[in-house]
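In: Provided below for reference: sequence and predicted model.
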Amino acid sequence: MTYLNPWVDRIICVSEAVRKYLLGLGLPADQLVTIYKGHDPSWYSVMLRPGRSELGIPENSFLIGFTGRMRPVKGVDVLVKSMHHLSHKLDFHLLLVGTVSDPDIRVLAEHPSIRKRIHFTGPMPNAAAIAGACDVFVMPSIAREGLPRSVIEAMAQGVPCIVSNVGGMPELVAHNESGMVVDPAIPRPLPRQ
């Protein structure tokens, strides 16, 4: 009911997706304004990115990263399931940074065919720098996503992102230009380009 308070003159939306959601609730268009989160790439140029060995990952591996609180809506379970579709001939590793709030994720990660390729760090104060050390960053959210800071942090460091077509993420990533936008909740191999 906070949106409908008559004392609220304007609501700042972090993405067009959030603005459209609020329009769908019946809020007047002139009350809603979209202002994207600002990030300066120079903020990240001073960050020390950890080496793979510091993270317990082979130096020559291809590193897929995710940072954030791992709750069901973030779709990290789908990301872990997708590891089964990657060729085991290639040295792919998945680095999960943040608190695991969805117990299914750890259970899925224990599968014998992928468990040595999935690494959990827990919460890290240098999560943005870790994202910058990855070869690709993935945000597989399945619902309720405004404009995730972790995707912005990875992109600001030149890391290509794979995001699901949820919330404001397609407003950040131009499909096949700055990354890929995929359907949510489908742990299949990405189309070959």
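Out: Received it, and whenever you're ready, just let me know what you need. Keep in mind the model is a prediction, meaning the values are calculated, not measured.

In: Please count neighbours and contacts with C-alpha atoms only from this point.
Out: OK.

In: Which SSE is immediately downstream of the helix or strand of the chain with the lowest mean pLDDT?
Out: The helix or strand of the chain with the lowest confidence, counting by mean pLDDT, DSSP states H and E, is helix 42-45 at a mean of 87. Counting by DSSP states H and E, the next helix or strand C-terminal to helix 42-45 is strand 62-67.

In: Now the residue most central in space within the chain: phi and psi?
Out: Centroid-nearest residue in the chain: Met139, 2.5 Å away (criterion: Cα atoms, centre = their mean). As for Met139, its main-chain torsions (degrees, to the nearest 10) stand at phi -120, psi 100.

In: Domain-wise, how is the protein divided?
Out: 2-34, 50-182 (automatic domain parsing).

In: Switch these over to TSV; also include mean pLDDT.
Out: Output for the domains of the chain, formatted as TSV (pLDDT from 0 to 100):
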stretch	mean pLDDT
domain 2-34	90
domain 50-182	95
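
In: Can you say which of those domains is nearest to Tyr44?
Out: domain 50-182 (6.5 Å; Cα to Cα).

In: Can you give the distance of the closest one from its chain's centre?
Out: How far domain 50-182 lies from its chain's middle: 6 Å, per Cα atoms, centre = their mean, to the nearest Å.

In: Can you measure across it, start residue to end residue?
Out: Taking Cα to Cα, to the nearest Å, domain 50-182 runs 29 Å from one end to the other.

In: returning to what we had before: output the contacting helices and strands for the least confident helix or strand of the chain.
Out: Counting contacts by 3 or more Cα pairs under 8 Å, 6 or more residues apart in numbering; DSSP states H and E, helix 42-45 packs against no other helix or strand.

In: what residues does it touch?
Out: If you take Cα atoms under 8 Å, 6 or more residues apart in numbering as the criterion, helix 42-45 is touched by 128-129, 153, 156-157.

In: Give the bridge partners for the residue nearest to the centre of the chain, please.
Out: Beta-bridge pairing of Met139 under DSSP bridges involves Val163.

In: Okay, it and Pro103: tell me how far apart.
Out: 18 Å.

In: do Ser82 as well
Out: 17 Å.

In: These two: which has the busier surroundings?
Out: Neighbours per residue, other Cα atoms under 10 Å: of Ser82 and Pro103, the larger number sits with Ser82, 16 against 12.

In: re the thing from before, shouldn't the residue nearest to the centre of the chain be in contact with Asp77?
Out: No: using Cα atoms under 8 Å, Met139 is not in contact with Asp77; the gap is 11.4 Å.
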